[in-house]
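In: the sequence and its predicted three-dimensional model are supplied below.
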Amino acid sequence: MTIPRSDATRLLDWYRRNRRDLPWRRSRDSYRIWVSEIMLQQTTVRVVVPYYRRFIRLFPTVRALASARPDRVLAAWSGLGYYRRARHLSAAARIIVGKHAGRFPLRVEDALALPGVGRYTAGAILSIAYGARLPVLDGNVARVLSRLHLVRGADSAARRRRLWRLAGELAATAPSPGDLNQALMELGATVCTPAAPACAVCPLSRRCAARASGLQETIPPSRRPRATVEVRTGVAVVTRGGRYLLRRRSNRDLMHGLWELPAVGRGGRSDGLRLAVGRCVATVRHSITYRRLEVSVHPARLLAEPPRGGYRFVAPADLGRLPTSSLVRKVLAALV
DNA sequence: AACTCGTGGCT
DNA sequence: TAGCCAAGAGT
């Protein structure tokens, strides 16, 4: 007993009338649905759209993606964040070509075995592209269902299990599971919003338990924020012929493989470089989850050639072809 | 189970 | 403006 069938129909009707015209909704190509779902993980639609268009232009098919060097994929991802997604996408494309004949797998177990594909993403792709009766539970659906059924309390494993079960009952009986899943997400994104939900135009408001008790604004409770840590770092800007010296991050996880400006510590020391570091000419603020960076920018002079391999001089115009974080572009923009 | 990973838009 | 949050996955 979740939403009666007539309400599911009303939700679907609402969706067909109100859904946004998004690029990945113009196709049922499982490859395109997959790419969009990976990009949309923890990332807003508005930010994703231009990246998605560019990405599909660069890599129109799973085979094109599979044969592209991971660095090109990472470069196309630059600025989107959560860079591991790009590496997973690359690796998964090769698995799809190698083991699944170039088609995104139909079986849930096979989909879940792909790197970067979890329960949400598998359900989304298989229901939208193939019509599979699988539920999705993202932030939107969790909010909609917990309001609809007055699922109170903070996030917990038990709470998530309950919400997955509710989502599963819906997907099991819906006329069109893919559309129903998207309808729930669209409703959460545009009507049943975290703050000030537009209950007046909600097709489910009559059945909404939170609405009935006036609790729609307090369910679900917002998570306790963790303290952010302030971090101060400095970078050296070494120029040569209008190009900038960058180095490739070797860090195993954090933005690994991305090109960045060399860091300078106290005394002007920098890994692998001998530098004469000048005074700070700019400061750039940048946030990484739970960390706030304050980056001071120092013009610097090379005292010795940098080691080969890890370093490169890059013209600003070529920056787009290298994997870089948005921080690099912010710093370079601050110099203009 | 709690923590990690990026970024930009919004309030 | 400083914090909140977004179509989560992996460990």
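Out: Perfect, I can see it now. Numbers count the residues shown, from 1 in each chain, chains lettered A, B, ... in the order given.

In: quick one, helices of chain A?
Out: A:5-18, A:30-39, A:45-58, A:62-67, A:70-77, A:84-99, A:108-112, A:119-130, A:139-148, A:157-173, A:177-190, A:209-212, A:326-335 (DSSP state H).

In: in JSON lines, list those along with mean neighbour count.
Out: Heads up, the C-betas are built off the backbone N, CA and C, glycines and all. Listed next are those as JSON lines, based on neighbours: other Cβ atoms under 10 Å:
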{"stretch": "helix A:5-18", "mean neighbour count": "15"}
{"stretch": "helix A:30-39", "mean neighbour count": "23"}
{"stretch": "helix A:45-58", "mean neighbour count": "15"}
{"stretch": "helix A:62-67", "mean neighbour count": "18"}
{"stretch": "helix A:70-77", "mean neighbour count": "20"}
{"stretch": "helix A:84-99", "mean neighbour count": "19"}
{"stretch": "helix A:108-112", "mean neighbour count": "16"}
{"stretch": "helix A:119-130", "mean neighbour count": "23"}
{"stretch": "helix A:139-148", "mean neighbour count": "23"}
{"stretch": "helix A:157-173", "mean neighbour count": "16"}
{"stretch": "helix A:177-190", "mean neighbour count": "22"}
{"stretch": "helix A:209-212", "mean neighbour count": "18"}
{"stretch": "helix A:326-335", "mean neighbour count": "17"}
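
In: format those as CSV; extra columns: mean pLDDT and distance to DNA strand B.
Out: What follows is these, written out as CSV (pLDDT from 0 to 100; distance: least, Cβ to the nearest atom of the strand, whole Å):
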stretch, mean pLDDT, distance to DNA strand B
helix A:5-18, 92, 19
helix A:30-39, 98, 9
helix A:45-58, 97, 5
helix A:62-67, 98, 19
helix A:70-77, 96, 9
helix A:84-99, 97, 6
helix A:108-112, 98, 16
helix A:119-130, 98, 13
helix A:139-148, 96, 11
helix A:157-173, 95, 3
helix A:177-190, 97, 12
helix A:209-212, 96, 21
helix A:326-335, 89, 4
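
In: now tabulate these in JSON lines and tack on distance to A:Leu275.
Out: Formatted as JSON lines, the entries for the helices of chain A read as follows, by distance: least, Cβ to Cβ, whole Å:
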{"stretch": "helix A:5-18", "distance to A:Leu275": "57"}
{"stretch": "helix A:30-39", "distance to A:Leu275": "38"}
{"stretch": "helix A:45-58", "distance to A:Leu275": "35"}
{"stretch": "helix A:62-67", "distance to A:Leu275": "39"}
{"stretch": "helix A:70-77", "distance to A:Leu275": "26"}
{"stretch": "helix A:84-99", "distance to A:Leu275": "31"}
{"stretch": "helix A:108-112", "distance to A:Leu275": "48"}
{"stretch": "helix A:119-130", "distance to A:Leu275": "44"}
{"stretch": "helix A:139-148", "distance to A:Leu275": "45"}
{"stretch": "helix A:157-173", "distance to A:Leu275": "50"}
{"stretch": "helix A:177-190", "distance to A:Leu275": "48"}
{"stretch": "helix A:209-212", "distance to A:Leu275": "59"}
{"stretch": "helix A:326-335", "distance to A:Leu275": "16"}
